[in-house]
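In: starting from these lines, generate the structure:
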Amino acid sequence: MKSRGKILIGTNNPNKFKQFKAAFKKYAPEIKILNPADLGITEDVEEDGDNLLDNAKKKAQFFAEKSGLITMGDDTGLFVDALNGEPGLHSKRWHEGTDIERNHKMIERLKGIENRKARYIGVLAVYDPETKEFWNYEGRVEGEIADEFRGWNGHGYDAIFKTDHFGKHYAELSDEEESQISHRYRGVKAFIEYLKR
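Out: Model prediction:
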């Protein structure tokens with residue numbers, strides 16, 4: 001698998017794309033990063049896989065075959081021990097409404113529960129449409145669900161997810177702090193090392 005100077009990020013989510021772009025700028029500034037809109041691709045992928053890896057691979061393959069470019073897809077879920085792993089694979093669709101409404105629902109569900117351990121699990125998949133080759137990576141961030149919102153830098157459950165590593169809510173992390181624990185940054189770094197081998 002060779003990058004050939006360009007990599008497509010298989011997402012229409014501007015927050016995700018921004019983070020991937022920053023990660024490539026840090027670890028491989030010579031590679032040009034594109035999103036589907038840059039190529040006039042307006043379709044999206046239904047995330048109906050059985051697990052995070054299935055969804056990440058589905059996105060990577062779909063956009064790679066549409067574009068002819070090596071494509072990186074990802075999927076992330078929040079897994080809460082006291083809720084038997086919910087919301088997990090369905091983090092975005094776990095409760096109807098906005099991110100803020102889902103966060104309030106999470107706090108409500110955990111009211112009176114002592115064990116608030118949780119983790120973000122993120123999976124990256126890269127697909128080369130020429131060689132039909134996949135590469136994948138999984139990263140985890142351990143933490144717990146807090147009772148209050150803090151920070152403005154994130155999305156999803158970031159404002160109520162307190163990281164073990166920094167003792168801050170994910171949405172409070174600086175870009176530099178996030179780059180140390182984010183599966184996207186760590187996955188991009190691992191992928192660039194793989195390409196160099």
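In: show me the contacts for Phe134.
Out: Lys57, Ala60, Gln61, Ala125, Val126, Tyr127 (CB atoms under 8 Å, 6 or more residues apart in numbering). Bear in mind the C-beta positions are built from the backbone N, C-alpha and C, glycine included.
In: go again using 10 Å as the cut-off
Out: Met1, Leu53, Ala56, Lys57, Ala60, Gln61, Ala64, Ala125, Val126, Tyr127, Asp128 (CB atoms under 10 Å, 6 or more residues apart in numbering).
In: would you state the helices of this structure in chain order?
Out: Taking DSSP state H to define them, one finds helices in the chain at 14-27, 52-67, 99-109, 175-181, 183-196.
In: dump those helices into JSON lines; add mean pLDDT as well.
Out: Formatted as JSON lines, the helices of the chain follow (pLDDT from 0 to 100):
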{"stretch": "helix 14-27", "mean pLDDT": "92"}
{"stretch": "helix 52-67", "mean pLDDT": "96"}
{"stretch": "helix 99-109", "mean pLDDT": "92"}
{"stretch": "helix 175-181", "mean pLDDT": "92"}
{"stretch": "helix 183-196", "mean pLDDT": "93"}
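In: residue with max distance from the center of the chain?
Out: Gly112 (29.7 Å; CA atoms, centre = their mean).
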